[in-house]
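Engineer: Need a 3D model of the following:
(chains A and B)
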Protein chains: 2
Amino acid sequence: MELKNLLRYTLSLFGTVIVLLFLLSNLPSPLSNQAELLACATKAPWCASKNRFQSNRPDYLRKPTNPTHSHSADVPRHPLDPLTVSELNRVQKIVQSLDLFKNSVYALHSVVLKEPKKEAVIAWGKGDPLLPRVASVIARAGGKTHALTVELVSGVVTGQEMGLVYGYPTMTVEDMNSVIWAPLASAEFNRTVLERGVDLVDLACLPISTGWFGKSEENRRLIKVQCYSMKDTANFYMRPIEGLTVLVDLDTKEIVQIVDKGKHIPIPNAANTDYRFSAQNSYQRLVNPISIEQPKGPSFTVEDDHLVKWANWEFHLKPDPRAGVIVSRAMVVDPTTGVMRQVMYKGFTSELFVPYMDPTDAWYFKTYMDAGEYGFGLQAMPLDPLNDCPRNAYYMDGVFAAADGTPYVRSNMLCVFESYAGEIGWRHSESPITGLGIREVRPKVTLVVRMAASVANYDYIVDWEFQTDGLIRIKVGLSGILMVKGTPYTNMSQINPEENLYGTLLSENVIGVIHDHFITFYLDMDVDGSDNSFVNVSIQREYTSPGESPRLSYLKTVREVAKTEKDAQIKLQLYNPSEYHVINPNKKTRVGNPVGYKLVPGGTAANLLDLNDLPQKRGAFTNNQIWVTPYNETEQWAGGSFVYQSHGEDTLLVWSNRDRAIENRDIVVWYTLGFHHVPCQEDFPIMPTVTSSFDLKPVNFFESNPILKTPPTVENDLPICKADAST
Amino acid sequence: MELKNLLRYTLSLFGTVIVLLFLLSNLPSPLSNQAELLACATKAPWCASKNRFQSNRPDYLRKPTNPTHSHSADVPRHPLDPLTVSELNRVQKIVQSLDLFKNSVYALHSVVLKEPKKEAVIAWGKGDPLLPRVASVIARAGGKTHALTVELVSGVVTGQEMGLVYGYPTMTVEDMNSVIWAPLASAEFNRTVLERGVDLVDLACLPISTGWFGKSEENRRLIKVQCYSMKDTANFYMRPIEGLTVLVDLDTKEIVQIVDKGKHIPIPNAANTDYRFSAQNSYQRLVNPISIEQPKGPSFTVEDDHLVKWANWEFHLKPDPRAGVIVSRAMVVDPTTGVMRQVMYKGFTSELFVPYMDPTDAWYFKTYMDAGEYGFGLQAMPLDPLNDCPRNAYYMDGVFAAADGTPYVRSNMLCVFESYAGEIGWRHSESPITGLGIREVRPKVTLVVRMAASVANYDYIVDWEFQTDGLIRIKVGLSGILMVKGTPYTNMSQINPEENLYGTLLSENVIGVIHDHFITFYLDMDVDGSDNSFVNVSIQREYTSPGESPRLSYLKTVREVAKTEKDAQIKLQLYNPSEYHVINPNKKTRVGNPVGYKLVPGGTAANLLDLNDLPQKRGAFTNNQIWVTPYNETEQWAGGSFVYQSHGEDTLLVWSNRDRAIENRDIVVWYTLGFHHVPCQEDFPIMPTVTSSFDLKPVNFFESNPILKTPPTVENDLPICKADAST
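Structural biologist: Down below sits the predicted model:
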């Protein structure tokens, strides 16, 4: 490059940075808490407990259900409580004193509670002394990954450098935050952007995990950065600088490679892409105000910050930087005995796998694992009261550690609320022909735990919904913004039918690329105790013998207890159906059925990629919809502990193929919920929520319908309401 | 039989009838509108518009949303409006004057509007003269079935005797009402009952359709009656007199056969079976009161009694004695143009098929078709305000004809309400790394149309749920009471594992028999007009060429337009997925995609019975999950027009196998939603609701997200509520 050019680009770069900084502090965003988010976006180390809703909040945020309080005084009260601000401070102090960290640049990729042994947690009761508090720390230092265990009281640190493991820990927010600016250090990049007609001040870039596709992606942490124009829209995702991919070293921020295969592709227009209410030139109020109201208040309490008690349920709830939400020690009251019975020791989103279906240069690597690569909890932004969760919701904050170990607060990360949609818990009317004149109906009220993770463009809404009849519904909603591809085409009429677009033309020059979403749940079921069995209750066609019956065929169930893991690698088949029971073989109902819970899949999609495809080896935990493994505290993350650039050597598939015994043991059930997403124009510029779910449902767990004795609603139960005086 | 015996049994019979009549008028049922139902149960002809909530209603029923009004003054205002009381009276008068009916015993099995030609309805606009009103009458007279058309103004009757059709019309309520007492005319029956330890005064009997299993069930209308003991419980279903089956001629009430194969089987105990709130010795209030509140009232209106207008939707709604609910002319406003666009001409529950999985004598024939045999709408009992539907619901009455043609009112048969469960319509938060500080969320509010049919023991809740984003969710909930089988066993430990119970031991001496539910929906989609095509958008694995990409495989879509019916006989396969589009090939979006709606299956179950099994030939409409036929006004009932004792010669399978052209035509889509039900103890004595659904979802129907411009909820939108002063 000539000196003149270098000078020109350096100046342009400096100008850009200044303009960007200006922009960042002046962008209008009337309905959002910009100040709070910006503080964390632009400052390192990440802000601590200051990071909360303070003044300047718009009016509709002024009445949070739980009073704003500083987390600096939090103390743990339950063995599973997450690390508190003061505990994180203590970990930071201990870690910083280690030689390893004193002598090199380091980053803490994960600082979370190392949960005590399961037996100890189960044995613990309120009032007992708290179990010893230990932190689990994943750090990068000296170019290596270290997994450390830090005893908080003694300060003893044990642990190891992760030697032969392929794959890196979850990116820190600082990794993502810094790497997106790295390309601006390249004059070539800047020139390319300018040549594509985008001012550098309009640039918005995203950090895109590279996956692993062979030798060239080994022995260094890499990321690909792709950029967009945010000129005239907050929805820059709809304005890709298509084909421009910058490969960056995540540790050094060195630019490894710049590829531009999209020079012929225009940047799509900004028109009609902005989805913010403030950016609409008109609005459309389709329905009158509507609200879930509870004149006597909600029926749940949150004890000691984390123990949720509602109706017949009790469970421990905590935010987690990787999983998002962790539900532990879920127990339900037996209506016959009044005893609290164990259902699930621990449940959470273990991993997500989101392969895009475009094999071309700028797209083939988009095979995201949102939990292990980005941190599903790290991406769970503050919920929007009254819109994300109804009135009377309780909000729970996340307390996480920044890369340098400083604690910070993700406020309103989870919400808990009671829901009533007008649904029916159970009912029966008698036909007039019996003359009984019966009409007995009970409304259905549920308790929902919600988080919403925004992994860049996409928004995942994860609900754990508890029903009084003992059912737990786990629901995933997909919303947010599509990852789109630029194209020269503006109309389908220009396109040869033989040409593969890899998606749908959504708007002029915009293709929504086909992709799948798989969300894999870890479900450590403990049905009335830890030793359980998994039973495949197969529903099979049976033929009658000649002359036995006017019927030729009927269905019967065949119970097969899974002896080893391979017996429980299950692909769902509509024409070979089963019920999937987790039973306690040591406990029977009054009439002798084993007590159990069943996993009930709902609508789902299977992974169809070739099993030898490199992304699929990494995402092999989606090869089946159901797996069952013996409990092993090291096997929690379905894609492996170190998923970033992993090779697929530490997945649920690998563990399960060991084919260990699982009968009458402490077992973990894994379920993968899938979605095929072929985009359509309705998804532009922001997607209406698509939802699917599965259930954990009692099956001979109770002696009989556990909500038989609940009363119907009568008029006097309901509130008297009037419109807000101020409207 | 000796004379003495005959005398004894005759006396016993008379005594029984008297005690039954006494019982019927004195049964306690504090939470139900007994008086109203009894009036219809015991009086023939069925009561007319008097059959409404009047005085003596419990307090919680005193405030219906729609004012009680007499339907005697109803007039039709829309071409699809159901026959009014005065029109039904007119039909009765015309029909009674026919020679055929003057000269023989007759019964009207169906009197409904014969809808005008589709084109005429579409062309009709408010203010135009109403199209000629015509009734369609199915009658039995002189031992034959007659299908008549009655022109209301002229009184002209056309029609025919149904000669070679196998199968009979839907039973009348009078059929069911009378046949259950028929066995009492048999001394043998009475003796058997007494020998089983059941007093005749405690007897409750059910009319069970026989299905068709060969010659012996031809040329006469037959039914099987099975009985229960209602001693000490309103839930007589849990106390079967197992194995006792009485075959009765429906026309003559003659007892054809009595079989008792259950002499060794005790009647299960009454303990813990009654589900009525009034019968509980204690109650359990699990949650505080909760309510959906709308301070400014609901956002929907019902014009002219049947035209529902809500948000961006408009549709015609009517009760139907066979289908239950009929939704017609569903149209949605295009937010870009403001134009009302056609989505679905007509949708309803066409048939249900409920085969039980027990081939033994007292069970093999239980293969119900609830719509065609019993009348899904005839069995839809009045909804329970505040429990079946939330506050602010609008209730719609059904006006039907009794067997003699006299109109009667089924009050509160449907409800319409707005629902808000705390769900999210769309959302996006920006990660701090972009610095945009965006959090935009819109709550999801829907409109639900509901009915609940109690087909003897079972309750089906059918919801049509409309979303502002254009989606229609059709949801079926199953609740009510199991059909159970008596058994000598009281504990699983007594049972040889090789023995087939045909179900689950639910309680001492009670087996819940395995069964399936299939609900087949008729969906006459008219996407922006009547001429549509059905496109199978197959999602297929595609391999890259060597060297083309680091990826080995990806998914692509392959669009196959169904040319003829057989192209659209579809079995769902998780590993061979498709999207199922109904497109208008004559209309494209701005960027050239055909406008369409897609059918999106959710969780479902397939029929696994052998295709040659006689019940399955009758229920062959469940052989596939999806079918598409060309519009034909005679093809509305998937099991055939005359389903009772049908042979399966007039089913959707038969029509579809004609393989008619369906491309760019007026087409009808059929979808079957299925459930396998293996009972569990939680289903005893009444079942918590199990729900599944499928969606009709816009796919490139709108140019973009149609709810982009909706505002978020702010605090001032919400009501100020207090507990009811009287509580």
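Engineer: can you name the farthest residue from the center of chain A?
Structural biologist: For chain A, the residue at maximal distance from the C-alpha centroid (Cα atoms, centre = their mean) is residue A:547, at 56.3 Å.
Engineer: Now do it against chain B, distance only.
Structural biologist: Distance of residue A:547 to chain B, computed by Cβ to the nearest Cβ, to the nearest Å: 11 Å. (C-beta placed from N, C-alpha, C; glycine too.)
Engineer: Look at residue A:103 and report its pLDDT.
Structural biologist: Per-residue pLDDT puts residue A:103 at 84.
Engineer: After the worst-scoring helix or strand of chain A on mean pLDDT, heading C-terminal, what element do we hit next?
Structural biologist: Sorting the helices and strands of chain A by mean pLDDT, DSSP states H and E puts helix A:34-42 at the bottom, at a mean of 33. Per DSSP states H and E, the first helix or strand lying C-terminal to helix A:34-42 is helix A:85-96.
Engineer: Starting from that next one, tell me the next helix or strand along the chain.
Structural biologist: Counting by DSSP H and E, what follows helix A:85-96 is helix A:99-102.
Engineer: Could you list every helix and strand in contact with that next one?
Structural biologist: Other elements packing on helix A:99-102 under the criterion 3 or more Cβ pairs under 8 Å, 6 or more residues apart in numbering or on different chains; DSSP states H and E are strand A:134-141.
Engineer: The one helix or strand residue A:317 maps to - which strands sit beside it in the sheet, and in what orientation?
Structural biologist: Using DSSP H and E, residue A:317 sits within strand A:313-320. Each strand that pairs with strand A:313-320, with its direction, by DSSP bridges: strand A:307-310 (antiparallel), strand A:324-333 (antiparallel).
Engineer: mean confidence for that strand?
Structural biologist: Mean predicted confidence for strand A:313-320 is 98.
Engineer: if we look at it, which residues are touching it?
Structural biologist: Applying Cβ atoms under 8 Å, 6 or more residues apart in numbering or on different chains, the external contacts of strand A:313-320 come out as A:78, A:80-82, A:112, A:302, A:306-308, A:325-333, A:340, A:348, A:377, A:380, A:396-400, A:410, A:413-414, A:416, A:447, A:449, A:451, A:466, A:468.
Engineer: For it, what is the distance to the chain centroid?
Structural biologist: Put simply, strand A:313-320 sits 15 Å off its chain's centre (Cα atoms, centre = their mean, to the nearest Å).
Engineer: for stretch A:161-169, same thing?
Structural biologist: Remark: stretch A:161-169 is offset 24 Å from the chain centroid, using Cα atoms, centre = their mean.
Engineer: start to end distance for it?
Structural biologist: End-to-end distance for stretch A:161-169, by Cα to Cα, to the nearest Å: 12 Å.
Engineer: One more: stretch A:267-276?
Structural biologist: 21 Å.
Engineer: and that stretch, which residues are buried?
Structural biologist: For stretch A:267-276, a neighbour-count test (16 or more other Cβ atoms under 10 Å in any protein chain shown) marks A:267, A:268, A:269, A:270, A:272, A:273, A:274, A:275, A:276 as buried.
Engineer: what's the helix or strand residue A:462 falls within packed up against?
Structural biologist: Element membership for residue A:462, per DSSP H and E: strand A:458-467. Using 3+ Cβ pairs under 8 Å, 6+ apart, the elements in contact with strand A:458-467 are strand A:324-333, strand A:340-355, strand A:446-455, strand A:472-480, strand A:687-698, strand B:424-429.
Engineer: hang on, the earlier thing: next, the angle strand A:458-467 makes with the strand holding residue A:317.
Structural biologist: Interaxial angle, strand A:313-320 versus strand A:458-467 (axes from the mean of the first three to the mean of the last three Cα atoms, to 10 degrees): 160 degrees.
Engineer: With just CA atoms, put strand A:313-320 into CSV.
Structural biologist: The C-alpha coordinates for strand A:313-320 follow below in CSV (Å, rounded to 0.1, in the frame of the first residue of the first chain):
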residue,chain,number,x,y,z
TRP,A,313,-44.9,-26.7,43.8
GLU,A,314,-41.5,-25.6,45.2
PHE,A,315,-38.2,-25.2,43.3
HIS,A,316,-34.9,-23.4,43.4
LEU,A,317,-34.3,-21.0,40.6
LYS,A,318,-31.2,-19.2,39.5
PRO,A,319,-29.8,-17.4,36.5
ASP,A,320,-26.7,-18.9,34.9
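Engineer: where does the stretch 51-200 of chain A have low pLDDT?
Structural biologist: Residue ranges of the stretch 51-200 of chain A with pLDDT under 70: A:51-69, A:163-164.
Engineer: Which residue ranges of the stretch 551-700 of chain A form helices?
Structural biologist: Secondary structure of the stretch 551-700 of chain A (DSSP state H, counting those that start in this stretch): helices at A:614-618, A:652-656.
Engineer: Next one: residue A:216, what pLDDT does it get?
Structural biologist: So, for residue A:216, pLDDT stands at 80.
Engineer: What of the one 10 residues further on?
Structural biologist: pLDDT recorded at residue A:226 is 98.
Engineer: Relative to residue B:107, how far out is the residue of the stretch 551-700 of chain A found nearest chain B?
Structural biologist: Proximity of the stretch 551-700 of chain A to chain B (Cβ to the nearest Cβ) peaks at residue A:592, 3.1 Å away. As judged by Cβ to Cβ, to the nearest Å, residue A:592 and residue B:107 stand 49 Å apart.
Engineer: just to revisit the earlier point, for the helices and strands packed on strand A:458-467, please prepare TSV with the additional fields mean neighbour count.
Structural biologist: Shown next, in TSV, are those (neighbours: other Cβ atoms under 10 Å in any protein chain shown):
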stretch	mean neighbour count
strand A:324-333	23
strand A:340-355	24
strand A:446-455	24
strand A:472-480	22
strand A:687-698	22
strand B:424-429	24
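Engineer: Switch those over to JSON lines; also include distance to residue A:220.
Structural biologist: Below are the helices and strands packed on strand A:458-467 laid out as JSON lines (distance: least, Cβ to Cβ, whole Å):
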{"stretch": "strand A:324-333", "distance to residue A:220": "29"}
{"stretch": "strand A:340-355", "distance to residue A:220": "23"}
{"stretch": "strand A:446-455", "distance to residue A:220": "24"}
{"stretch": "strand A:472-480", "distance to residue A:220": "31"}
{"stretch": "strand A:687-698", "distance to residue A:220": "35"}
{"stretch": "strand B:424-429", "distance to residue A:220": "31"}
